[in-house]
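Colleague: Here's a sequence, model it:
(2 chains)
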Amino acid sequence: MVRIVYFAWVRERIGKAQEDLELPAGVATVADLIAWLGSRGPEYARAFAKPEVIRAAIDRAHVKPATPIAGASEIALFPPVTGG
Amino acid sequence: MPVRVQSHDFDIGTEVKRLTAGRTDIGAIVTFTGTMRGGTGEHPITSMTLEHYPGMTEAELERVEAEARARWQLQTSLVIHRHGEFRPGDNIVLVVTASPHRQAAFEAAEFLMDYLKTRAPFWKKEVGSDGAAHWVDARETDDTAAARWSHGVGPT
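Modeller: Take a look at the predicted model:
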């Protein structure tokens, strides 16, 4: 099980802030995870319609789409940040 | 090198005093304060919510600050970033840098802002005078501003 957390419009479109999921064997990278999540229902499809704009963090550090997710306990998916 | 993420306001004078009390090794203090804009006449913004990723926000701000301290000689520094509900004119972010001479303090403060804007996990949602809310889009100019620090600007 891995905890997936969502922020900003990703969270709003999916309708939840976090969930614990068992990932299928073929989901090896952040990009794989986003593609798989996008197939889980219309709300997910809407949140991940443009996977290239989605940013990710593994265990609270920024990662790239190609980063492997093996061993992660918390994966966050969110839009580009707009603080400051 | 404190980093604070909080919902309540900050007072610049109090923070600078606290940071530099009793120190005689500082010759330059730079403060930057980011505040909320109320939009323009055509597109007024009446309020804003700043969401963040508790835990990662602090970690990321600490990484950014450590990077600044590795690049410039800073005697001390401070980053405060607020989250929650905002009105136009409210304080959002405070960066304070202190160094023996002004150049390091100026550059480090600018670097801290450029980096935290592209790396600290905050998201702004604005509400206009018509009541419609929208998430603020990231600006490409912020990425450009952060990227220039990788091209030999600042001390090596």
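Colleague: C-alpha only now, for contacts and for neighbours.
Modeller: OK.
Colleague: count of neighbours near residue 52?
Modeller: Because you didn't say which chain, this covers chain A. Using other C-alpha atoms under 10 Å in any protein chain shown, A:E52 has 11 other residues around it.
Colleague: um, chain B though
Modeller: Neighbours of B:H52 (other C-alpha under 10 Å): 23.
Colleague: That one contacts B:R119, doesn't it?
Modeller: No. Between B:H52 and B:R119 there is no contact under C-alpha atoms under 8 Å: 11.6 Å.
Colleague: residues in contact with B:M113?
Modeller: By C-alpha atoms under 8 Å, 6 or more residues apart in numbering or on different chains, the residues touching B:M113 are A:84, B:95.
Colleague: Beta-bridge partners for the spatially closest residue to A:I58 that is not a sequence neighbour, please?
Modeller: Of all residues not flanking A:I58 in the chain, A:I75 sits nearest, at 4.6 Å (C-alpha to C-alpha, 6 or more residues apart in numbering or on different chains). Counting by DSSP bridges, A:I75 is bridged to A:I4, A:I58.
Colleague: now do B:A98
Modeller: Residues in beta-bridge contact with B:A98 (DSSP bridges): B:I29, B:T76.
Colleague: That one: what's it in contact with?
Modeller: Contacts of B:A98 (C-alpha under 8 Å, 6+ apart): B:26-30, B:74-77, B:105.
Colleague: and if we set it to 10 Å?
Modeller: B:16, B:19-20, B:25-31, B:73-78, B:104-106, B:108-109 (C-alpha atoms under 10 Å, 6 or more residues apart in numbering or on different chains).
Colleague: In helices, which of the residues you listed fall?
Modeller: Per DSSP state H, helices hold the following members of those: B:16, B:19-20, B:104-106, B:108-109.
Colleague: thinking again about what came up before, what sits in contact with each of B:H52 and B:R119?
Modeller: The contact sets of B:H52 and B:R119 overlap at A:81-83 (C-alpha under 10 Å, 6+ apart).
Colleague: what's the closest of the residues you listed to B:D137?
Modeller: For the shared contacts of B:H52 and B:R119, the minimum distance to B:D137 (C-alpha to C-alpha) is 7.1 Å, reached by A:T82.
Colleague: What is the neighbour count of that closest one?
Modeller: A count of neighbours around A:T82, defined by other C-alpha under 10 Å, yields 24.
Colleague: can you list the residues of chain A near chain B?
Modeller: Chain A comes close to chain B at residues A:5-9, A:57-62, A:76, A:78-84, as judged by C-alpha under 10 Å from any C-alpha of the partner chain.
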